[in-house]
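Undergrad: Got a predicted model here, sequence first, then my questions.
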Amino acid sequence: MLRNFLLSFMILPFIGMAQVKDSARREIKLQGAINFRDIGGYPTKDGGHVKWGKIYRSAALNNLTPDDLRELQHLSLAFVADFRGPYEVRVAPDRLPVNVTRLSLPAGSEAIGDTGYMRNMIQRMRISDSVMYDFYGDVAPFHARYEPVFEELLTLNKDSALLFHCTAGKDRTGIAAALILYALGVDEQTIMNDYAATNYYRDAENKRAIAGMMKIYGLSEAAATNMMAAREDYLRATFAAIRAKYGTVDYYLEKEMGLDKEKLRKLRSLYVE
C-alpha cells in the first residue's frame, strides 16, 4: 500500500490536477487499450482551438475487444499510424476496425523488443536515465517516422480522423503529438501538459510495469520509475535537439516534415477552428 502510494507520488508531480481533469474529459474509454485520447480542444496562440474528433493518440491496440472496435468505428478513423518496430508488431499485431488503413512507420524502432536491445537498455538504466534523453534527442529517425503522418493529415477527408500509436503511447507517440500540436500553433507548455497526461492514463499500468522491472530485471524503483514516467524534461530534450540542429522548430517542420508556409496554413485550416 505504502509503496504504491509512493510510486504515485513520484509520477503525479509531472502532471497537475488541472491536466488530470482535462485528461479525463478527452479520454476514449476502451476495454482493451489505454492512453487513448483526443488531442483536440487545445488553445492555439492565435486564439483558435484544435478541432475535436480529428486526431487521436493511443498505446497498443492488440487487445481491442469487439465492443472496442465498434466504439472506434464511431470515430470515423481512416488511418492508423503505427510507430512500433517489427518485433513489437509481430508479438502484438493491431486489431483495427474495418476499412481502416494501417501505416507502418517503424523508423528508429527496428530493434525495440529484441532481447539484446532490452538487455542493453536495462543495463544503461541501472546506471542513469541518459538512455531516455538519448532516445528523445535522436532526431535522425523523425523524418521517416513522422513526415508521412503530416502527409496523411494534409489529405485526410474532412469527415475522417487519424490515430497514431506505439506500444505505451508515451515516447514515440508523445513526440508525434508534440510536433503536430506545435505545427497547429499550440504553445509549448500546453504541449508538455498533453505529454505529461500519459502519467495519468498509464498510472495503473505503470505501477505494474515498475514492479515487473524491479522483479525481473533487478532495476531499482527509481530507475524503473524514470523509464516509465512521461517526464517533461524528456520531451524538452527533443525540442532542444531540434533547435540545436535546425535553429528553430518552425524551420525543422519546414525542412523535415515538409510544412512550408502554404502547407502549414492548410494544416491549420483543416485542424484549427
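TA: All right, it came through fine.
Undergrad: Under a three-state scheme, what state does Y56 occupy?
TA: Under DSSP: H, G, I helix; E, B strand; the rest coil, Y56 falls in the strand class.
Undergrad: list the contacts for it?
TA: By C-beta atoms under 8 Å, 6 or more residues apart in numbering, the contact set of Y56 is 28, 36-39, 75, 77, 161-164. From N, CA and C alone the C-beta is placed, and that goes for glycine too.
Undergrad: now do S76
TA: Neighbouring residues of S76 by C-beta under 8 Å, 6+ apart: 53, 159-161.
Undergrad: make it 10 Å
TA: When contacts are counted by C-beta atoms under 10 Å, 6 or more residues apart in numbering, S76 touches 53-54, 97, 100, 157, 159-162.
Undergrad: Tell me which two in the residues you listed are the farthest apart.
TA: For those, the maximum inter-member distance is 16.5 Å, found between K54 and P97 (C-beta to C-beta).
Undergrad: Would you mind telling me which of these two has more residues around it?
TA: A count of neighbours by other C-beta atoms under 10 Å puts K54 above the other of K54 and P97, at 20 against 17.
Undergrad: Could you report the pLDDT at that one?
TA: Note on K54: pLDDT of 98.
Undergrad: do L69 as well
TA: Confidence score, pLDDT, at L69: 97.
Undergrad: ok, then the element right after the strand or helix carrying it?
TA: Using DSSP states H and E, L69 sits in helix 66-73. For helix 66-73, the succeeding helix or strand toward the C-terminus, using DSSP H and E, is strand 77-82.
Undergrad: What strands line up against that next one, and which way round?
TA: With DSSP bridges as the test, strand 77-82 is paired with strand 101-104 (parallel), strand 161-165 (parallel).
Undergrad: out of the contacts of S76, who's nearest L184?
TA: Nearest member of the contacts of S76 to L184, counting by C-beta to C-beta, is K54, at 10.3 Å.
Undergrad: Show me where the stretch 151-273 of the chain has its helices.
TA: 172-183, 188-196, 198-201, 203-216, 221-228, 232-246, 249-257, 261-271 (DSSP state H, counting those that start in this stretch).
Undergrad: Torsion angles phi and psi at P86?
TA: P86 adopts backbone torsions of phi -60, psi -40, taken as degrees, to the nearest 10.
Undergrad: On the three-state scheme, the closest residue to it other than its chain neighbours is what?
TA: Nearest residue to P86, sequence neighbours excluded (C-beta to C-beta, 6 or more residues apart in numbering): P106, at 6.4 Å. At P106 the chain is in coil, as set by three-state DSSP.
Undergrad: tell me the contacts of P106?
TA: Here P106 is in contact with 82-89, 112, 141, 144-145, 166, 172 (C-beta under 10 Å, 6+ apart).
Undergrad: now Y87
TA: Shown in contact with Y87 (C-beta under 10 Å, 6+ apart): 106, 109-115, 117-118.
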